[in-house]
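[1] pasted the sequence and its predicted model underneath.
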Amino acid sequence: MTEQVIIDSLEFAQKSLEIHGKIPLSQLPRLHDALCAGDGELEYRLKGGVNAHGNPTLWLWVNGQLSLACQRCLEPIEFPLSIRVNFVLVPGEGALPASEDEGDETDYLVADPKLHVWQLVEDEVLLGLPLAPMHENTQCGSASAMGAVQKKENPFKALQGLKLKHKD
């Protein structure tokens, strides 16, 4: 088992530090439940600094390839992952802006003296997953799914014959 990376997020940002590495997918238990195959790894890079407004900031980049289950045929589908997130650190939850005040390009994170980097990466990856991953219709491995899309029989067809018999 590889050791977790823990940082003091505020100090990390103020000193403009940077770390990068690879995380085995097997070390991300919440993500592991969403995958077809738990082998592989994610590459991450976390950089601290101060933004143009003087706020301590973390920039996170995550790249990798995930094997998810197609919701149509349940066969594996390869999902290329590329996440770029900009976090502005705030001193406490009371300093978080209201959701309508947040910018689209900036997320806020409560400064933590013991921030688990891998958990932060896992959180962002889970947020970046599609709700229902599916192959394109022509690539889906399920013949029954393809048939269901092409021809769907009316479930009330048998009742139509009964209705006509009762009218007589």
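    Yep, that arrived.
[2] list the contacts for residue 38?
    Taking Cβ atoms under 8 Å, 6 or more residues apart in numbering, we find residue 38 in contact with 25-26, 32. Where you see a C-beta, it was placed from the backbone N, CA and C, and this is true even at glycine.
[3] likewise residue 44?
    Contacts of residue 44 (Cβ under 8 Å, 6+ apart): 20-23, 60-63, 117, 121.
[4] specify the beta-bridge partners of it.
    Beta-bridge partners recorded for residue 44 (DSSP bridges): residue 21, residue 62.
[5] that one and residue 28: what is the separation?
    According to Cβ to Cβ, to the nearest Å, residue 44 stands 11 Å off from residue 28.
[6] okay, and the common contacts of these two?
    With Cβ under 8 Å, 6+ apart as the test, residue 44 and residue 28 both reach residue 121.
[7] and residue 119, how many neighbours?
    14 (other Cβ atoms under 10 Å).
[8] what about residue 74, how many residues nearby?
    For residue 74, the count of nearby residues is 12 (other Cβ under 10 Å).
[9] phi, psi of it?
    Main-chain dihedrals, residue 74, degrees, to the nearest 10: phi 70, psi 10.
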